[in-house]
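Enquirer: Next input, structure requested:
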Amino acid sequence: MRIPGWLLRYEWSMVGVAVLMAALTVKKTTGASLLAGAFVLFVAAFLWVCLLRQATAHYSRLWLASGGVFIFAPVLLHPLWYANVTAPVIASLLVGLMVIAVLIMTVRGAPPEPLPARLHRPGWTFWLIAVYVGTCVLLSYWLPEAADRLVPRAAGDYVKHHAVLLALDQHGLPLQSPFYADESAGPYYYYHFYYLVPAALRKLSHGTVSIGGCFALASAWLAVTLMGLTYALTFDLFKSRKAALLAACCVSIVGGWDAIAIAIQVLFDRPLVAIGDAWVPSPWRIHNIATQFVWCPQHVAALVALLWTGMLLRVYPHARFWIFLAPLVALSIFGLSVYVAMTAFLAAAIYVLLDLAAARTVPRALVRRGGAILVIAVLGMAMMWPLLTGYREMSARMPGEFTTSWDRFPYAVLGRLVPAGALANLLDAPWILLVDLGAAGLALILVRGTVWHRIWHDPAGRLLLLAGGLGVLGTFIWHSTLHEYVYGFRVCVMPINVLAACLVGALLIPEHRRVRSGRLFGVVLVLALAPGLAVGFGELPYMAVRSRLEAPAEDLEALRYLREQTPTDAVVQGGPVERTTLVEQVDRHLGVMDPDNPHVQVFTPRSLEAMRADREAVTRALAGTEAEPAWRVFRRIGIEYVLFGSSEREAFSTGRALDDGAWFECVHRDSGARVYRVLPLTEE
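Expert: Numbers count the residues shown, from 1 in each chain. Next up is the predicted model:
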């Protein structure tokens, strides 16, 4: 059969994939296989995106494919991780998907040419900013472990990210807890879909790249993807490259006016904080998107899925393929972030009801759309049900709950007119949003009504507005009593961040803004954007290089021993309260950690009291002087190695019980720390 000429355009990807597949199926390849694995994931998504002919005439296939990786790769990989598959299996499956996509293209014929590249593809300025942002995100995760410094990441949330990835890497699904060796306390359930992408990259590299390195690459890729999708949507809405570039900046290097609030606090002798939005107590805090890149990329991935869906709805508002695609997207969002899913699903329901109301004068269309929505709902619920049952079980284990009872907001203005609570929060919400969104918040005010009319009647704009609006309400009405740092509905405001960024770009077009004077508008825009640059050129680079500004990890030689000289499935123990970051420093499961630590609570066991009792037992063992009782505690929990270093000396004094050679073997000793092996029964 003669190969159509148009198909040869994809020959480069087919040849590249074939070569990369050969490299990936050889075990113990070099770290270059990490990039190869990322490329393979991208090409598989790219070829399927090419089937969306009309969409590729509106948006660059690069961004649609990158978004598709974070949406559909987890859906594909989720069942595979229950079988703990190997790299060749993953690679073969991806190649099979590519072949199917190419065969479908061959049968359907040549797709139409997309718009000229100069019209809708970003220029060099965008790419310079994107590379800068991606590099900052990558370094924030990778640099702390570079050169074996083993410094805990500046973003404290990475502890739980690493724990989830370690569980996926060593045990697959369902998750096992790296913080508690008692496996009878599991299994555990978490919104783990985003983590399947870096987990797959690690599988495809055959473990030659660290968990932190794989997570760093995936998170940097995700950050650039959100920038690209925002650029593409803004350009398609307003047909201005400058507007699109400014919008992309406002979801990356330009944040809110937090710098002003922090400066005022410093004048009143408050400490200077590194994270801009930390000027306000955590329950009222709305994060910059750049902050989310570094702290919680799993929620950003859910935002990418929502944005991607809205962009596709603009081109295919009532296409038949939504019957199959919508349940898959819903499953993905639900597995990426249960918080974003709650507001996104409610927003989707409102969107659908409005669409049905618009079709009420055409009975046939109303029946057809209603039937399709019913099928989508049934399929989606069937797919999400296993995740839902897991989430419900974990929710029942955790001690906290969502409540509408609030303390008084310390900076309340209008909120002081009413008792502390949701109403008081909502009265102060407008100015809090303005400070946290900055120029983006100002754009919500300065754009003309015609722009809002366009946004409301645009599928992507309406979906983002509904989801973000519900997120704002949820943020100021409910909060969790588990601990003050629970993100909760605060991450659900992110759709407003993206929509407002698009509107900042729209302000560059004179007919879209309320300020008629170009000179006055220029001054206002510069003054609005300037404070927000503190995020892109202060917070982001600081988080990237912070580990290099600090000394290497305490007890470094002992940590290196545990990371490099112990079996990969070894169970390690340090101070239960003091050593939470040990899991990311040594890549080993831990015996028992403090179950009341916010990061450990992600893996709350069936019996919280049993874990607390084991924590206290280990604490007594480390602080005691009798070797045999300590040995029995460690053996019962399953602990194989004990680290006694600077943190333990400060908390437990000498650790004399561990020096009894009848029960413990000192396998590493340096000036600052000792590592003991808990002797098995045969070596007593």
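
Enquirer: From now on I want contacts and neighbour counts done on CA atoms only, so please keep to that.
Expert: Will do.

Enquirer: what about the longest helix in this structure?
Expert: The residue-count maximum for a helix in the chain (DSSP state H) belongs to helix 363-397.

Enquirer: Pull out the buried residues from that one.
Expert: Using 16 or more other C-alpha atoms under 10 Å as the test for burial, helix 363-397 gives 366, 369-370, 372-373, 376-377, 379-381, 383-384, 387-388, 390-391, 394, 397.

Enquirer: now swap in stretch 94-110 and tell me
Expert: 94-95, 97-98, 101-102, 105.

Enquirer: so how far is it from its chain's centroid?
Expert: 31 Å (C-alpha atoms, centre = their mean, to the nearest Å).

Enquirer: Report the mean per-residue pLDDT for that stretch.
Expert: Across stretch 94-110, the average pLDDT comes to 77.

Enquirer: swap in stretch 64-73?
Expert: For stretch 64-73, the per-residue pLDDT averages 95.

Enquirer: Likewise for stretch 521-528?
Expert: On average, stretch 521-528 scores 91.

Enquirer: so how far is it off the chain centroid?
Expert: 32 Å.

Enquirer: Which positions within that stretch qualify as buried?
Expert: In stretch 521-528, the ones that count as buried by 16+ other C-alpha under 10 Å are 521, 525, 528.

Enquirer: which other helices and strands contact the longest helix of the chain?
Expert: helix 322-336, helix 338-358 (3 or more C-alpha pairs under 8 Å, 6 or more residues apart in numbering; DSSP states H and E).

Enquirer: Could you rerun that using 6 Å?
Expert: If you count contacts as 3 or more C-alpha pairs under 6 Å, 6 or more residues apart in numbering; DSSP states H and E, helix 363-397 packs onto helix 322-336.

Enquirer: Give me the helices and strands touching the helix it packs on, please.
Expert: helix 297-315, helix 363-397.

Enquirer: The longest helix of the chain vs helix 338-358, what angle?
Expert: 160 degrees (axes from the mean of the first three to the mean of the last three C-alpha atoms, to 10 degrees).

Enquirer: downstream neighbour of helix 363-397 in the secondary structure list?
Expert: strand 402-403 (DSSP states H and E).

Enquirer: Just the CA trace of the helix or strand just after that next one, in CSV.
Expert: Once strand 402-403 ends, the next helix or strand along the chain (criterion: DSSP H and E) is helix 422-437. Extracted C-alpha coordinates of helix 422-437, given in CSV (Å, rounded to 0.1, in the frame of the first residue of the first chain):
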residue,chain,number,x,y,z
ALA,A,422,-18.6,32.7,56.7
LEU,A,423,-20.6,35.9,56.2
ALA,A,424,-17.8,38.0,57.8
ASN,A,425,-15.3,36.3,55.5
LEU,A,426,-17.4,37.0,52.4
LEU,A,427,-17.6,40.7,53.3
ASP,A,428,-13.8,40.9,53.3
ALA,A,429,-13.4,38.5,50.4
PRO,A,430,-13.3,41.2,47.6
TRP,A,431,-10.3,43.0,49.0
ILE,A,432,-8.5,39.8,49.9
LEU,A,433,-9.0,38.6,46.4
LEU,A,434,-7.7,41.9,45.0
VAL,A,435,-4.5,41.7,47.1
ASP,A,436,-3.9,38.0,46.3
LEU,A,437,-4.7,38.3,42.6
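
Enquirer: List the buried residues of helix 422-437.
Expert: 422-429, 432-437.

Enquirer: starting at the chain centroid, how far to it?
Expert: Worked out by C-alpha atoms, centre = their mean, helix 422-437 lies 25 Å from the chain centre.

Enquirer: okay if I get the buried residues of stretch 521-528 as a markdown table plus distance to Thr404 and secondary structure?
Expert: Output for the buried residues of stretch 521-528, formatted as a markdown table (distance: C-alpha to C-alpha, whole Å; DSSP: H, G, I helix; E, B strand; the rest coil):
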| residue | distance to Thr404 | secondary structure |
| --- | --- | --- |
| Phe521 | 40 | helix |
| Leu525 | 37 | helix |
| Ala528 | 33 | helix |
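
Enquirer: with those residues in mind, which one is nearest to Cys50?
Expert: Leu525 (38.4 Å; C-alpha to C-alpha).

Enquirer: How much space separates that closest one from Ala501?
Expert: 13 Å (C-alpha to C-alpha, to the nearest Å).

Enquirer: Also Leu622?
Expert: 53 Å.

Enquirer: Then Tyr188?
Expert: From Tyr188 to Ala501 the distance is 37 Å (C-alpha to C-alpha).

Enquirer: Look at these two and report which has more neighbours.
Expert: Ala501 (30 against 20; other C-alpha atoms under 10 Å).

Enquirer: Model confidence score at that one, please.
Expert: 96.

Enquirer: List the buried residues in the helix or strand encompassing Glu648.
Expert: Using DSSP H and E, the element containing Glu648 is helix 646-652. By neighbour count on 16+ other C-alpha under 10 Å, the buried set for helix 646-652 is 647-649, 652.

Enquirer: Farthest-apart pair in these, please.
Expert: Most distant of the buried residues of helix 646-652, by C-alpha to C-alpha, are Ser647 and Phe652, 8.5 Å apart.

Enquirer: if we can go back for a sec, please tabulate the buried residues of helix 646-652 in CSV, including the columns distance to Tyr132 and pLDDT.
Expert: Shown next, in CSV, are the buried residues of helix 646-652 (distance: C-alpha to C-alpha, whole Å; pLDDT from 0 to 100):
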residue, distance to Tyr132, pLDDT
Ser647, 37, 90
Glu648, 40, 91
Arg649, 42, 90
Phe652, 45, 87
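
Enquirer: how about TSV for the buried residues of helix 422-437, with pLDDT and distance to Thr208 added?
Expert: Below are these laid out as TSV (pLDDT from 0 to 100; distance: C-alpha to C-alpha, whole Å):
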residue	pLDDT	distance to Thr208
Ala422	91	50
Leu423	94	53
Ala424	93	53
Asn425	93	49
Leu426	94	50
Leu427	95	53
Asp428	94	51
Ala429	93	48
Ile432	92	46
Leu433	92	44
Leu434	93	46
Val435	92	44
Asp436	92	41
Leu437	93	41
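
Enquirer: from these, which single one is nearest Val164?
Expert: So of the buried residues of helix 422-437, ranked by how close each gets to Val164 (C-alpha to C-alpha), first place is Asp436, at 30.2 Å.

Enquirer: and that closest one, what does it touch?
Expert: 256-257 (C-alpha atoms under 6 Å, 6 or more residues apart in numbering).

Enquirer: All the strands of the chain, residue numbers only.
Expert: 402-403, 479-480, 571-573, 589-590, 641-644, 664-669, 674-678 (DSSP state E).

Enquirer: Need those strands in TSV (columns: distance to Leu507, mean neighbour count and mean pLDDT).
Expert: Below are those laid out as TSV (distance: least, C-alpha to C-alpha, whole Å; neighbours: other C-alpha atoms under 10 Å; pLDDT from 0 to 100):
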stretch	distance to Leu507	mean neighbour count	mean pLDDT
strand 402-403	38	12	84
strand 479-480	34	22	83
strand 571-573	56	27	96
strand 589-590	52	26	96
strand 641-644	58	25	96
strand 664-669	63	17	94
strand 674-678	61	23	95
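
Enquirer: I'd like these as JSON lines, with distance to Pro297 appended.
Expert: Shown next, in JSON lines, are those (distance: least, C-alpha to C-alpha, whole Å):
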{"stretch": "strand 402-403", "distance to Pro297": "23"}
{"stretch": "strand 479-480", "distance to Pro297": "21"}
{"stretch": "strand 571-573", "distance to Pro297": "28"}
{"stretch": "strand 589-590", "distance to Pro297": "23"}
{"stretch": "strand 641-644", "distance to Pro297": "31"}
{"stretch": "strand 664-669", "distance to Pro297": "37"}
{"stretch": "strand 674-678", "distance to Pro297": "35"}
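
Enquirer: Nearest to Thr225, out of the ones you listed?
Expert: Using C-alpha to C-alpha, these put strand 479-480 closest to Thr225, at 29.9 Å.

Enquirer: ok now stretch 590-609, how far from the chain's centre?
Expert: 21 Å.

Enquirer: With stretch 125-137 instead?
Expert: The answer for stretch 125-137 is 18 Å, by C-alpha atoms, centre = their mean.
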